[in-house]
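Engineer: Quick one, structure for this:
(one chain, ligands or ions: 1)
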Amino acid sequence: MTASKTSEDHDYDFVVVSNRLPVDRVTAPDGTPGWTRSPGGLVTALEPVMREKDGAWVGWAGQPDVALDPFDNEGIRIVPVPLTVEEIANYYEGFSNDTLWPLYHDVIAAPSYHREWWESYVAVNQRFADATAAISAQGATVWVQDYQLQLVPKMLREQRPDLTIGFFNHIPFPPYGIYSQLPWRAQIIEGLLGADVIGFQRVADASNFSRAVRRLTTNVTRNPVIEVVTEGQATRRVIAKAFPISIDASSYEELARQPHIQARAQEIREGLGNPKTIMLGVDRLDYTKGIGHRLKAFGELLTEGRVSVEDVTLVQVASPSRERVKAYMDLRDEIELTVGRINGDFATMSHTAISYHHHGYPRDEMVALYLAADVMLVTALRDGMNLVAKEYCAARFDNDGVLIISEFAGASDELKRALRINPHDIDGLKESILQAIQMPKQERATRMRSLRKRVLEYDVSRWSSTFLTTLAQSRAAQDDYADSPLGELEWTIERPRAAR
Ligand code: G6P
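Structural biologist: Numbering: from 1, shown residues only. Next up is the predicted model:
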């Protein structure tokens, strides 16, 4: 490689592809365009690998109809892929967030199936694949992220068989009985099978995928290996298994240890009238999160007089999301009506029942909130992982605080000492809330210590290195495999961690 990092024709050895770039295009009030860094854990995890390996990130900048030139940002090449207003409506809001999102989350909301949305999904996936093929060096590693881009692995392999291709699905993969509703179910499976390694959050997601492969293709699956017979009758091996994602845990702990964050936590408690217990919910305002279920449980506890607003306040942060999709507009109305009713019925001049915030907060403020919260409520009806649960544990260096977590959130596989709930069982949820409020300090500490051990040990850099090691091994084995008879090679990949 002779070209410099900034030259136009430079090829990259490690390319991440995701719907959104790690930086957002923003427009200041005076109309000046600029960029802000999106603070997600994925960027933090991949940053060191990107710098070391000459990395590029391909994705959408979050605004319609802007064609932007690639540029370097803190050692990472940023390659923007443009989307038109129509593509945002059809590919992003439509097929990604009104077809796949509800379908993959147990049809909590009804998915819509529209052929023009699918056509746009195919066209945009092709654009992402083309942009990636154009900048990837010979033999580069490409890591495609999430459900918006499931056709990219196959499209990329067709153009560039020299590439090593990984795919990670950040959301659940549904059971076949649900997945089979999708009119384009076979095409999506074929799209994913273009990858060498397909990662899922939970062991159950990986087995749902393998079952769909068996039902929809003639490929043989021998967990975690899928033997894909391609047109020329050559056989490739694809690995499909769980790699539970995590957070940059130590950075949360470091923030939490800072005196000004602790002072802010104290200020938050005082601002709420110093209730004995602060409960906290932090979610994108999404129907998968079970926000209504937690409000119902809290509302009933207040109605029955089992808790009072002087003693218990619920802080609910609901960050705005996908606001032009109808299901999200309806959800907002429903949640805000419920919050208004509960507050109207129970708030006093000095104490509110629910302190509701329809906006996101910077990480500092989130960590202060985590420290201020005695009980963290994660009541998702279905959630790929739920990183908020892990952030709460990472921040609680004082070994205090109680986590209530839904068994339908991926994080519940790992966070075994949390109070586990079924959010549909409102009575069970109410009992768990009371148990959390009344839990003795000693028990809180024992549980939180165990939760923190897991979160700090299995952090996001461990996640990315495990995935990338598997990807490298799979490619090396693939090369040998081409010359060996089927099944002779011994597969040495470890069992998924979450299965233990
Ligand atoms: C989930 C998805 C991500 C997505 C994020 C925010 O976590 O797995 O792919 O980026 O939600 O949603 P948005 O539609 O705003 O990108």
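Engineer: Where does the stretch 151-300 of the chain get nearest to the ligand, which residue?
Structural biologist: Residue of the stretch 151-300 of the chain nearest the ligand, by C-beta to the nearest ligand atom: H170 (3.7 Å). Every C-beta, even on glycine, is put in place using the N, C-alpha and C of the backbone.
Engineer: And for Q138, the neighbour number?
Structural biologist: By other C-beta atoms under 10 Å, 10 other residues sit near Q138.
Engineer: Just give the nearest non-adjacent residue to it, would you?
Structural biologist: Leaving out its chain neighbours, the residue that sits closest to Q138 by C-beta to C-beta, 6 or more residues apart in numbering is D162, at 5.7 Å.
Engineer: about what we covered before: mind listing what the closest residue to the residue of the stretch 151-300 of the chain closest to the ligand other than its chain neighbours touches?
Structural biologist: Closest residue to H170 apart from its sequence neighbours, by C-beta to C-beta, 6+ apart: D146 at 4.8 Å. Going by C-beta atoms under 8 Å, 6 or more residues apart in numbering, D146 touches 18-19, 168-171.
Engineer: Show me what G166 is bridged to.
Structural biologist: When bridges are called by DSSP bridges, G166 pairs up with W143, V197.
Engineer: oh, and call the first residue 52 from now on, that's how I've got it
Structural biologist: New numbering, starting at 52: the last item is G217.
Engineer: Just give me the neighbour total for it.
Structural biologist: Neighbour count for G217, taken as other C-beta under 10 Å: 25.
Engineer: In contact with it, which residues?
Structural biologist: With contact taken as C-beta under 8 Å, 6+ apart, G217 is in contact with 192-195, 246-250, 518-519, 522.
Engineer: Poorly predicted segments of the stretch 252-401 of the chain, please.
Structural biologist: Low-confidence regions of the stretch 252-401 of the chain, defined by pLDDT under 70, span residues 282-284.
Engineer: scratch that, the chain
Structural biologist: Where the chain drops to pLDDT under 70, the residues are 52-61, 90-92, 282-284, 531-551.
Engineer: Alongside the ligand, which residues does it contribute?
Structural biologist: Proximity of the chain to the ligand, by C-beta under 6 Å from any ligand atom, involves residues 70-71, 148, 197, 221-222, 372-373.
Engineer: Give me the subset of the residues you listed lying in strands.
Structural biologist: Among these, the members found in strands (DSSP state E) are 70-71.
Engineer: Quick check: which helices or strands does the one helix or strand S171 maps to pack against?
Structural biologist: Using DSSP states H and E, S171 sits in helix 166-186. Judged by 3 or more C-beta pairs under 8 Å, 6 or more residues apart in numbering; DSSP states H and E, helix 166-186 is in contact with strand 63-71, strand 106-111, strand 127-131, helix 136-138, helix 203-210.
Engineer: Contacts made by that helix with the rest, please.
Structural biologist: Here helix 166-186 makes contact (C-beta under 8 Å, 6+ apart) with 61-63, 66, 68, 107, 109, 121, 128, 130, 132, 134, 137-138, 141-142, 145-147, 149-150, 193, 200-203, 206-207, 210-211, 234-235, 242.
Engineer: Would you list the phi and psi of the residue lying farthest from the centre of the chain?
Structural biologist: Ranked by distance from the centre of the chain (C-alpha atoms, centre = their mean), the top residue is M400, with 39.2 Å. When read as degrees, to the nearest 10, the backbone of M400 gives phi -60, psi -30.
Engineer: from memory R513 sits against D299, does it?
Structural biologist: No: if you go by C-beta atoms under 8 Å, R513 and D299 don't touch, sitting 10.8 Å apart.
Engineer: Settle it for me: which of those two has more neighbours?
Structural biologist: Using other C-beta under 10 Å, the more surrounded residue of R513 and D299 is D299, with 21 against 15.
Engineer: Disregarding residues adjacent in the polypeptide, which is nearest to the more buried one?
Structural biologist: That would be T95: by C-beta to C-beta, 6+ apart, it lies 4.3 Å from D299.
Engineer: And S525, by the same measure?
Structural biologist: Nearest non-adjacent residue to S525 (C-beta to C-beta, 6+ apart): D247, at 4.8 Å.
Engineer: same for the host helix or strand of the residue nearest to D299, what does it pack against?
Structural biologist: Of the helices and strands defined by DSSP H and E, T95 is found in helix 92-104. Packing partners of helix 92-104 (3+ C-beta pairs under 8 Å, 6+ apart): strand 63-71, strand 106-111, strand 127-131, strand 187-196, helix 511-532.
Engineer: And D75, how close does it get to the ligand?
Structural biologist: According to C-beta to the nearest ligand atom, to the nearest Å, D75 stands 10 Å off from the ligand.
Engineer: gap between the residue nearest to the spatial centre of the chain and H156?
Structural biologist: Taking C-alpha atoms, centre = their mean, the centroid of the chain lies closest to H221, which sits 4.6 Å from it. Distance, H221 to H156, using C-beta to C-beta, to the nearest Å: 12 Å.
Engineer: go on, A487?
Structural biologist: Per C-beta to C-beta, A487 is found 26 Å from H156.
Engineer: Of the two, which one has the most company?
Structural biologist: Between A487 and H156, counting by other C-beta under 10 Å, H156 is the more crowded of the two (24 against 21).
Engineer: so who does the more buried one touch?
Structural biologist: Neighbour list for H156: 222-223, 225, 339, 432-434 [criterion: C-beta under 8 Å, 6+ apart].
Engineer: Just the buried ones among the contacts of helix 166-186, please.
Structural biologist: Among the contacts of helix 166-186, those classed as buried by 16 or more other C-beta atoms under 10 Å are 61, 63, 66, 68, 107, 109, 121, 128, 130, 132, 134, 138, 141-142, 145-147, 149-150, 193, 200-203, 206-207, 211, 235, 242.
Engineer: P226 against S261, yeah?
Structural biologist: No: P226 lies out of contact with S261 (C-beta under 8 Å); the separation is 11.7 Å.
Engineer: neighbour-wise, which of the two wins?
Structural biologist: Between P226 and S261, S261 has the larger neighbour count (other C-beta under 10 Å), namely 23 against 15.
Engineer: who does the helix or strand containing G395 touch, helix- and strand-wise?
Structural biologist: Using DSSP H and E, G395 sits in helix 377-397. Contacts defined by 3+ C-beta pairs under 8 Å, 6+ apart place helix 377-397 against helix 342-354, strand 405-408.
Engineer: deepest of the ones you listed, which one?
Structural biologist: Neighbour counts (mean count of other C-beta atoms under 10 Å) averaged over each of those peak at helix 342-354, with a mean of 21.
Engineer: which residues are in contact with it?
Structural biologist: 330, 332, 334, 336, 358-360, 363, 365, 367, 369, 382, 385-386, 389-390, 392-393, 396-397, 404-405, 428, 430, 432, 474-475, 477, 480-481, 484-485.
Engineer: switch to 7 Å and redo it
Structural biologist: For helix 342-354, contacts defined as C-beta atoms under 7 Å, 6 or more residues apart in numbering pick out 332, 334, 358, 360, 365, 367, 369, 385-386, 389-390, 393, 397, 404, 428, 430, 474, 477, 480-481, 484.
Engineer: for the closest residue to the ligand within the stretch 52-201 of the chain, phi and psi?
Structural biologist: Relative to the ligand, the nearest point of the stretch 52-201 of the chain is D197 (4.2 Å; C-beta to the nearest ligand atom). Dihedral pair for D197: phi 80, psi 170, per degrees, to the nearest 10.
Engineer: Please apply the same query to D256.
Structural biologist: Here is the backbone geometry of D256 (degrees, to the nearest 10): phi -70, psi -40.
Engineer: excluding its backbone neighbours, what's nearest it?
Structural biologist: In space, and not counting its chain neighbours, D256 is closest to F224: 4.1 Å by C-beta to C-beta, 6+ apart.
Engineer: For the stretch 452-551 of the chain, give the residue positioned nearest to the ligand.
Structural biologist: Closest point on the stretch 452-551 of the chain to the ligand, by C-beta to the nearest ligand atom, is G461, at 11.3 Å.
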